[in-house]
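[1] quick one: sequence plus predicted model below, questions after.
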Amino acid sequence: MEFCLKANYQPAGDQPSAIKALTKGLNDGLEKQTLFGVTGSGKTFTVANVIQNVQRPTLVLAHNKTLAAQLCNEFREFFPKNAVEYFVSYYDYYQPEAYMPRTDTYIEKDAQINKEIDRLRHAATQALLSRRDVIIVASVSCIYGLGSPGAYKEFVIHIEKGSSRRDVMRQLVDMQFTRTTADLKLGTFRTKGSVMEVMPMNEGVVYRVTFENEAADEIVKLDPITRKTLGRQADVWIFPAKHFMSTPVTRDRAIKAIRSELKERLSEFDKEGKVLEAERLSRRTRYDLEMIQHVGYCSGIENYSRHFDGRASGQAPYTLLDYFPSDFLLVVDESHVTLPQVRGMYNGDQARKHTLVEHGFRLPSAVDNRPLTFDEFDTRTGQAIFVSATPGLIEKETSRQIVEQIIRPTGLVDPEVTVRPVTEDGAYPGQVEDLIAEIEKRVPKKERVLVTTLTKKMAHDLTDFLVDGGIKVQ
C-alpha cells in the first residue's frame with residue numbers, strides 16, 4: 001500500500017518550495033539535507049509531503065519520549081491509512097546494573113516495564129517486517145540492541161484452518177508466550193478443551209481458535225474486555241513475544257561460546273590472583289547458562305547477545321535500524337539536540353560496562369551489548385533530512401543542501417527584536433528607567449507589558465521598585 005496524505009489544507013508560505021527542493025534532493029541521491037525552518041513554519045507537514053512524494057519507509061528520530069509521542073500523533077493524522085508506529089524505551093523506571101569500586105557497592109539492575117509501550121515496540125517491528133508504508137517515530141532507544149531481525153522472523157507462526165493444535169501450542173511456547181489459566185495479557189495464551197485463545201504482543205485483541213479433531217476450524221477476533229466479536233478470519237500471523245529469540249541450534253552454539261569465554265576469563269582471574277572476582281563471575285554465569293539451557297531465557301540475556309547473534313568481538317549489535325529495508329529515509333527532528341545525544345550514548349554505556357567486567361560481574365562480551373557509536377549509526381542510515389530551527393555544526397558540515405523555510409503558512413513574521421544596553425550610556429538612561437518609559441507609552445493605550453528576568457529574586461526586586469514608582473504590577 002502507498003502512503004496517502006490526508007490534510008484539510010494545502011502547503012503555503014515557504015512549504016511548497018521546501019517540499020520540492022527536498023524531494024528533488026532525495027531523487028538526485030543527496031545523502032544529507034537540512035530543513036532549516038523557523039518555529040511555527042509547519043516543518044512536520046513539509047516532511048509528511050516529502051514522505052508521500054518518495055514513498056519510502058521512514059524513521060523519524062526525536063530526542064525525548066514526549067516529542068516523539070507528539071510527532072507520532074501528528075503523522076497518524078496525516079497518514080490515517082498507513083502504519084505510523086511509536087518506538088521508545090519501554091521502561092517506566094530503569095536502574096542499570098552498576099558497580100562502584102571505591103565503596104564496594106553493587107547496584108543490581110532494577111526496572112519497571114510499561115506493557116503498553118512494549119506492545120507499541122512490537123507493533124513497530126512487526127509493521128516493518130510485513131509492509132512498506134511504515135513511519136516509525138522513535139527516540140534514541142532505536143540505537144540500542146534489539147535482537148536479530150532474522151531470528152525474529154523465523155519464529156512467526158501462521159495459524160489457518162487445518163493447523164495442528166499440538167504444533168500451534170509448541171510454537172507459541174517456543175515464541176516465549178506464557179500459558180495461563182487466568183486473564184489473558186499481552187504475550188499469553190490459554191486453552192480449554194477444543195478452544196485456544198491467544199493475545200499477541202502487538203495488538204490488544206484476542207484471537208480465539210476453535211479446533212475440531214485437533215485441527216483449527218474457526219478463527220475469531222474478540223475484544224478482550226467486552227468479549228464482543230470483532231470479526232472472523234481465515235488465518236492470522238502471530239509474531240514472537242520477545243525480540244531476543246533463538247533456535248535450539250543457535251542456543252547450543254551460544255552456550256558453548258559462553259562456556260568457552262567463561263573458562264578463558266576465569267583463567268585470567270586465576271593468574272591475577274583475583275579469587276573473589278573469579279567466584280563471582282563463575283556463580284552468576286553458570287546460573288544464567290542453566291536458565292538458558294532449560295528455559296531458553298534468563299534475566300539479563302541481552303548481555304550474551306553477541307554469542308546468540310554470532311557476532312565477532314567489537315561488532316555492532318542488531319538494532320531497530322536493521323529491521324528497516326536498505327532504502328529507508330531518516331528524518332532527525334530537532335537535530336541540533338538529537339544528533340549530539342546519539343553521539344553521547346556509547347561512551348556513557350561503555351564506562352559502566354567495563355567496570356562490571358573488570359570486577360567479575362559480567363563476561364567481557366557484555367560490553368558488546370551496547371548502543372551504536374555515531375559512526376555506526378551514520379553508516380546504517382542512508383539518506384537523511386535534518387530538521388531544525390537552529391542547525392548545529394554536524395548538520396552544516398554534512399548537508400549537501402540546506403533548505404530554508406522562513407515564511408509561515410499564516411504569513412506571520414517574528415517580531416522585531418531590539419537589543420539595548422544594561423547600563424546608562426549618554427542619553428540612554430539605563431535598562432530600568434528605559435523600561436519605565438516603555439511602560440508609560442503602553443498605559444494610555446490600555447495595553448499590558450510582560451517583563452522577564454533572570455531569577456526569581458530579580459523579579460521580586462523589580463516588582464517592589466515598580467510598585468514604589470506608582471506602577472500597577474503583579
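    Structure received.

[2] only C-alpha atoms for contact and neighbour calcs from this point on.
    Noted.

[3] which strand or helix spans M345?
    helix 335-358 (DSSP states H and E).

[4] I'd like the average pLDDT over that helix.
    Looking at helix 335-358 alone, the average pLDDT works out to 89.

[5] now swap in stretch 150-158 and tell me
    Model confidence over stretch 150-158 averages 87 on the pLDDT scale.

[6] contacts for it?
    By C-alpha atoms under 8 Å, 6 or more residues apart in numbering, the surrounding residues in contact with stretch 150-158 are 129, 168, 171-172, 174-175, 235-240, 243-247.

[7] of these, buried ones?
    By neighbour count, with 16 or more other C-alpha atoms under 10 Å, the contacts of stretch 150-158 hold 168, 172, 174-175, 238-240, 243-247 as buried.

[8] give me the number of residues near K228?
    By other C-alpha atoms under 10 Å, the residues close to K228 number 10.

[9] contacting residues around G42?
    If you count contacts by C-alpha under 8 Å, 6+ apart, G42 has them with 15, 408-409.

[10] highest neighbour count among these?
    Neighbour counts for the contacts of G42 (other C-alpha under 10 Å) peak at Q15, which has 25 neighbours.

[11] please enumerate the helices of the protein.
    In chain order, the chain shows helices spanning 15-27, 43-54, 65-78, 115-130, 149-154, 165-174, 248-272, 275-295, 305-309, 335-358, 374-380, 393-398, 431-442, 456-468, with DSSP state H as the criterion.

[12] show me the contact partners of the second one.
    Contacts with helix 43-54, where a contact means C-alpha under 8 Å, 6+ apart, come from 3-5, 11, 15-16, 18-19, 22-23, 26-27, 35, 37, 58, 71, 74-75, 78, 387, 405.

[13] could you redo the last one with a cut-off of 6 Å?
    With contacts defined as C-alpha atoms under 6 Å, 6 or more residues apart in numbering, helix 43-54 is touched by 3, 15, 19, 23.

[14] gap between the second one and E334?
    Translated: Q15. Q15 sits 18 Å away from E334 when distances are taken as C-alpha to C-alpha, to the nearest Å.

[15] now D327
    23 Å.

[16] cool, and L30?
    Computed as C-alpha to C-alpha, the L30 to E334 distance reads 20 Å.

[17] likewise A124?
    22 Å.

[18] compare the two (neighbour count), which wins?
    The residue with the greater number of neighbours, taking A124 and E334 and applying other C-alpha under 10 Å, is A124; the counts read 24 against 19.

[19] do I have it right that that one meets E85?
    Yes: the pair A124 and E85 qualifies as a contact (C-alpha atoms under 6 Å) at a distance of 5.2 Å.

[20] how does the chain divide into domains?
    Using automatic domain parsing, the domain parsing of the chain gives 15-146+319-405, 157-238, 246-315, 418-474.

[21] which residue is the nearest non-sequential neighbour of G382?
    Spatial nearest neighbour of G382, excluding adjacent residues (C-alpha to C-alpha, 6 or more residues apart in numbering): E31 at 6.4 Å.

[22] burial count for the one you found?
    Here the number of neighbours of E31 (other C-alpha under 10 Å) works out to 17.

[23] can you check I19 too?
    24.

[24] give the contact list for it.
    Counting by C-alpha under 6 Å, 6+ apart, I19 makes contact with 46, 50.

[25] quick check, pLDDT for it.
    The predicted local confidence for I19 comes out at a pLDDT of 95.

[26] next: E438.
    The confidence metric pLDDT takes the value 89 at E438.

[27] and for K221?
    The predicted local distance difference test score for K221 is 93.

[28] was I right about it contacting K228?
    No: under the criterion of C-alpha under 6 Å, K221 makes no contact with K228, lying 8.6 Å away.

[29] so which of the domains of the chain is the most packed in?
    Between the domains of the chain, the one whose residues have the most neighbours on average, counting mean count of other C-alpha atoms under 10 Å, is domain 15-146+319-405 (a mean of 19).

[30] would you mind measuring the gap between the ends of that domain?
    7 Å.

[31] end-to-end on stretch 180-191?
    Across stretch 180-191, the terminal residues are separated by 8 Å (C-alpha to C-alpha).

[32] need the mean per-residue confidence for stretch 253-268.
    What stretch 253-268 shows for mean pLDDT is 93.

[33] dump it to PDB, keeping only the CA atoms.
    What follows is the C-alpha trace of stretch 253-268 in PDB, where atoms were taken according to Å, rounded to 0.1, in the frame of the first residue of the first chain:
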ATOM      1  CA  ARG A 253      26.100 -22.600  19.800                       C
ATOM      2  CA  ALA A 254      25.800 -19.700  22.200                       C
ATOM      3  CA  ILE A 255      26.100 -21.900  25.300                       C
ATOM      4  CA  LYS A 256      29.300 -23.400  24.000                       C
ATOM      5  CA  ALA A 257      30.700 -19.900  23.200                       C
ATOM      6  CA  ILE A 258      29.700 -18.600  26.700                       C
ATOM      7  CA  ARG A 259      31.300 -21.600  28.400                       C
ATOM      8  CA  SER A 260      34.500 -21.100  26.400                       C
ATOM      9  CA  GLU A 261      34.700 -17.400  27.200                       C
ATOM     10  CA  LEU A 262      34.000 -18.100  30.900                       C
ATOM     11  CA  LYS A 263      36.800 -20.600  31.000                       C
ATOM     12  CA  GLU A 264      39.200 -18.200  29.400                       C
ATOM     13  CA  ARG A 265      38.200 -15.300  31.700                       C
ATOM     14  CA  LEU A 266      38.400 -17.500  34.900                       C
ATOM     15  CA  SER A 267      41.900 -18.500  33.800                       C
ATOM     16  CA  GLU A 268      42.800 -14.800  33.600                       C
END
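
[34] hmm, who's touching that stretch?
    Contacts of stretch 253-268 with the rest of the structure, by C-alpha under 6 Å, 6+ apart, involve 278, 307-308.

[35] how far does it sit from the chain's center?
    Taking the mean C-alpha point of stretch 253-268 and that of its whole chain, the gap between them comes to 33 Å (C-alpha atoms, centre = their mean, to the nearest Å).

[36] what pLDDT is listed against K274?
    Looking at K274, its pLDDT stands at 91.

[37] torsion angles phi and psi at it?
    The phi/psi pair for K274 (degrees, to the nearest 10) reads phi -90, psi 80.

[38] kindly provide the distance from it to V443.
    For K274, the distance to V443 under the criterion C-alpha to C-alpha works out to 79 Å.

[39] now do S388
    Taking C-alpha to C-alpha as the measure, S388 and V443 are separated by 39 Å.

[40] also L330?
    Applying C-alpha to C-alpha, the value for L330 to V443 is 51 Å.

[41] do the same with G344
    When distances are taken as C-alpha to C-alpha, G344 and V443 turn out to be 51 Å apart.

[42] for L61, list each beta-bridge partner.
    Residues found in beta-bridge contact with L61 (criterion: DSSP bridges) are A138, V332.

[43] contacting residues around it?
    Residues touching L61, when contacts are defined by C-alpha under 6 Å, 6+ apart, comprise 138-139, 332-333.

[44] kindly report the same for I406.
    When the contact criterion is C-alpha under 6 Å, 6+ apart, the partners of I406 are 37-38.

[45] now do it, the pLDDT please.
    I406 carries a pLDDT value of 89.

[46] please tell me how far it sits from T105.
    54 Å.

[47] again with K456
    Separation of K456 from T105 (C-alpha to C-alpha): 40 Å.
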